[in-house]
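Q: Quick one, fold the following:
(2 chains)
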Protein chains: 2
Amino acid sequence: MSKVRVNFFCVSLDGFGAGTDQSLQHPLGLGAESLHQWALGTRTFQKILFGNEGGSTGIDDEFVVRSFENLGAWIMGRNMFGPIRGSWPDENWKGWWGANPPYHSPVFVLTNHPRAPQSMEGGTTFNFVTDGIHVALERALAAANGKDVRILGGASTIRQYLQARLIDEMHLCVAPTLLGQGEPLFAGLDLVKLGYSVKQQRPSEAVLHVIITKN
Amino acid sequence: MSKVRVNFFCVSLDGFGAGTDQSLQHPLGLGAESLHQWALGTRTFQKILFGNEGGSTGIDDEFVVRSFENLGAWIMGRNMFGPIRGSWPDENWKGWWGANPPYHSPVFVLTNHPRAPQSMEGGTTFNFVTDGIHVALERALAAANGKDVRILGGASTIRQYLQARLIDEMHLCVAPTLLGQGEPLFAGLDLVKLGYSVKQQRPSEAVLHVIITKN
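A: Coordinates of the predicted model:
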């Protein structure tokens, strides 16, 4: 059966999943690059994102490997897709990931502003969903055809799906960094009351990895 | 020169330093025992708190050892001292720690309600300070006589001292547990703006230890 998963969503010590002032230069907001530093050097990340050989193995790489396994569709918030706000001025913006994004299957982008689907090289299609998180998930599950659906982010998108108890498993990483301001993941979210608990913990030298599951 | 320190203040993944509903049965609030589980089994904790021989060594124990080193005075909030709220009905409550508390030097308890100092066995004196955090720290520094002052907690007390930039060094641990509700450490506190940053990270199998210092 399909699972709805979050993989390597990272927060700072002070609980932020992204910084403020997202821009072309700072896709994750100011200072937030430090959240994902641990993943950049792994063998899998280097290969998938940059086509490089080499890189580190070990716990961090294991979590990156798992984050790409058995996925049939993806969901992301509109701010994760790009820095443009409001209605789409044109269809020139096609995400941060170049002509061949690393998704290779349908991606459902949550937005309030309609836009035609955008096919990319390598099997990725960006579908723009204006009917809310439930419809986006239904469409993603149908497209995934038995494989898992991964909710990519950002914090606000993940919060909405957690609040609705629609996420089955979340790999969270806590990075030893402070952001001070940004997008909070946990604020006002009572995960215990929502029926989530920590199933597994695996610290690496770089970050604390945990797996949170729905009871 | 004396440093003002916090040592092993632990937060849950969702950022709580204590649970709700503190009581005689749950000194740290509901569920919050899980925050300090890692320390209980260490050799130093077993010896200092329970007089036992044995226990684990390694990273966790090193942080417990450091937490007791070179201390001349301590500060805690009134809710950490005990579960009684409002004015003191009598002087029967003398803290959670029995006749011989593990402080062995002056402890300054922040409260709005005056009370005479309470001397305990082993050199601990509980002094009740009604003049605010600055006066409590002045008195603690004077009493520490060149040694360090440790701010014990709870979250509210530490938050006030951080906001005033009066803490030099904080050992924080992130425990792989969810509380859902409780006393937040970071909410509304911009540690980057206040000039704090992460100086050191040391994950153990049980928790993520970090040292945060004032720039």
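
Q: Tell me which residue is most central in chain A.
A: Chain A has residue A:152 as the residue nearest its centroid, 2.0 Å off, counting by Cα atoms, centre = their mean.

Q: could you pull out the helices for chain A?
A: Along chain A, the stretches classed as helices by DSSP state H are A:33-40, A:43-50, A:59-68, A:78-81, A:133-144, A:155-163.

Q: Tell me which of those lies nearest to chain B.
A: For chain B, the closest of the helices of chain A is helix A:33-40, at 9.2 Å, according to Cβ to the nearest Cβ. For the C-beta atoms, the positions are set from N, CA and C on the backbone; glycine is no exception.

Q: Need the mean per-residue confidence for the closest one.
A: Mean pLDDT, computed over helix A:33-40, is 88.

Q: just checking, residue A:91 touches residue A:118?
A: Yes - under the criterion of Cβ atoms under 8 Å, residue A:91 makes contact with residue A:118 at 6.8 Å.

Q: ranges for the strands of chain A?
A: For chain A, the strands defined by DSSP state E cover A:4-11, A:16-18, A:71-77, A:106-110, A:118-119, A:125-129, A:148-153, A:169-174, A:183-184, A:196-203, A:208-214.

Q: From start to finish, how long is stretch A:108-123 in a straight line?
A: By Cα to Cα, to the nearest Å, the extent of stretch A:108-123 from end to end equals 14 Å.

Q: returning to that earlier point: report pLDDT for the residue nearest to the centre of chain A.
A: On pLDDT, residue A:152 comes in at 95.

Q: Excluding chain neighbours, what is closest to it?
A: Nearest residue to residue A:152 in three dimensions, chain neighbours excluded: residue A:76, at 4.2 Å (Cβ to Cβ, 6 or more residues apart in numbering or on different chains).

Q: Can you tell me what sits against stretch A:42-62?
A: Residues outside stretch A:42-62 that contact it (Cβ atoms under 8 Å, 6 or more residues apart in numbering or on different chains): A:38-41, A:64-65, A:68, A:102, A:202-204, A:206-207, A:209.

Q: buried subset of the residues you listed?
A: Restricting those to buried positions leaves A:38, A:39, A:64, A:202, A:203, A:204, A:206, A:207, A:209, with burial counted as 16 or more other Cβ atoms under 10 Å in any protein chain shown.

Q: What about chain B: which of the residues you listed touch it?
A: Filtering the buried ones among the contacts of stretch A:42-62 for proximity to chain B (criterion: Cβ under 8 Å from any Cβ of the partner chain) leaves A:203, A:204, A:207.

Q: and which of those is nearest to chain B?
A: residue A:203 (3.7 Å).

Q: dump the residue contacts of the closest one.
A: A:59, A:209, B:203, B:204, B:205, B:207, B:208.

Q: Equivalent analysis for residue A:210, please.
A: By Cβ under 8 Å, 6+ apart, residue A:210 lies in contact with A:171, A:172, A:173, A:174, A:198, A:200, A:201, A:202, B:13, B:176.

Q: Quick check: the gap between the second one and residue B:150.
A: The spacing between residue A:172 and residue B:150, counted by Cβ to Cβ, to the nearest Å, is 31 Å.

Q: Which positions in stretch A:83-95 come out as buried?
A: A:88, A:94, A:95.

Q: Give me the distance between the residue nearest to the first one when sequence neighbours are not counted and chain B.
A: It stands for residue A:88. Closest residue to residue A:88 apart from its sequence neighbours, by Cβ to Cβ, 6+ apart: residue A:115 at 5.0 Å. To chain B, residue A:115 is 35 Å away according to Cβ to the nearest Cβ, to the nearest Å.

Q: before we move on, what about residue A:32?
A: According to Cβ to the nearest Cβ, residue A:32 and chain B sit 12 Å apart.

Q: Looking at the buried residues of stretch A:83-95, which is nearest chain B?
A: The closest of these to chain B turns out to be residue A:95 (Cβ to the nearest Cβ; 29.2 Å).

Q: near chain B, which residues of chain A?
A: Taking Cβ under 8 Å from any Cβ as the contact definition, chain A meets chain B at A:13-15, A:31, A:172, A:174, A:176-181, A:186-187, A:189-194, A:196-198, A:201, A:203-205, A:207-208, A:210, A:212.
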